[in-house]
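**Student:** one predicted model, sequence on top.
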Amino acid sequence: MSATSNASDDSPSNQTRRTTIRERARQGLLTAMGKPRFRSLLQLSLIVVLFSGSAMAQTSVGSVYCGTPVETAISLVFGAIAALGMPAAMFFTGRSGLSYMRATGNPNQQNQARQDLILSVTGLAIVFLALIAPEIISKLGSELGFSFSSCVNPFGG
């Protein structure tokens, strides 16, 4: 019985079927490679593979930036976000909420105020997440076995 199954595996119809499957797979791969999403995912995976080796070898990520202008820039950017971003976002949220309350009965004013309120709350959320993201990433890194240097952690010590 095994002789018949071996003979049937090499039959011309099975060879043709394998060839067509191989050609379809090849054509599908070529089609996928032409799409921008596939190319961007491939580029991202190559970047991760190339640069993760040096990052994983370090125990304190970012220590090379200590005492350089990068450390100063990180402090300035996060200081500006904290000092200007939060009050501005809260001001625009309050202003749009007040305009929503004043738009009694006028659907156009209500819709405009609602849109402004949604946008300002979104901005407030983005600023808030920008401020807490380094702390979250630092906690995640400590769980994975590496830490960030104090000079690239804007609010941590």
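**Tutor:** Structure received. Numbers count the residues shown, from 1 in each chain.
**Student:** so the spatially most central residue of the chain: helix, strand or coil?
**Tutor:** With distances taken as Cα atoms, centre = their mean, the residue of the chain nearest its centroid is Leu44 (11.0 Å). Under DSSP: H, G, I helix; E, B strand; the rest coil, Leu44 falls in the helix class.
**Student:** tell me which residues in the longest helix that the chain contains are buried?
**Tutor:** In the chain, taking DSSP state H as the definition, the longest helix is helix 107-144. Going by neighbour count (16 or more other Cβ atoms under 10 Å), the buried part of helix 107-144 is 110, 113, 116-117, 120, 123-124, 127, 131, 134, 138. C-beta here means a position set from N, CA and C on the backbone, and glycine is covered the same way.
**Student:** still on that earlier bit, distance of the residue nearest to the centre of the chain from Leu30?
**Tutor:** Leu44 sits 20 Å away from Leu30, going by Cβ to Cβ, to the nearest Å.
**Student:** same question for Ser120.
**Tutor:** Where Leu30 is concerned, Ser120 sits at a distance of 47 Å (Cβ to Cβ).
**Student:** helices of the chain, start to end?
**Tutor:** Going by DSSP H, the chain shows helices at 2-9, 12-33, 36-57, 69-80, 86-102, 107-144.
**Student:** let's have these in TSV, adding mean pLDDT and distance to Ser150.
**Tutor:** Below are the helices of the chain laid out as TSV (pLDDT from 0 to 100; distance: least, Cβ to Cβ, whole Å):
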stretch	mean pLDDT	distance to Ser150
helix 2-9	50	65
helix 12-33	76	44
helix 36-57	71	17
helix 69-80	82	10
helix 86-102	90	23
helix 107-144	86	10
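**Student:** so for Pro154, which of those helices sits nearest?
**Tutor:** Evaluated with Cβ to Cβ, the helices of the chain place helix 69-80 nearest to Pro154, the distance being 3.7 Å.
**Student:** report the contact partners of the residue nearest to Leu124 when sequence neighbours are not counted.
**Tutor:** Excluding the flanking residues, the one nearest Leu124 by Cβ to Cβ, 6 or more residues apart in numbering is Ala89, at 3.9 Å. Counting by Cβ atoms under 8 Å, 6 or more residues apart in numbering, Ala89 touches 120, 123-124, 127.
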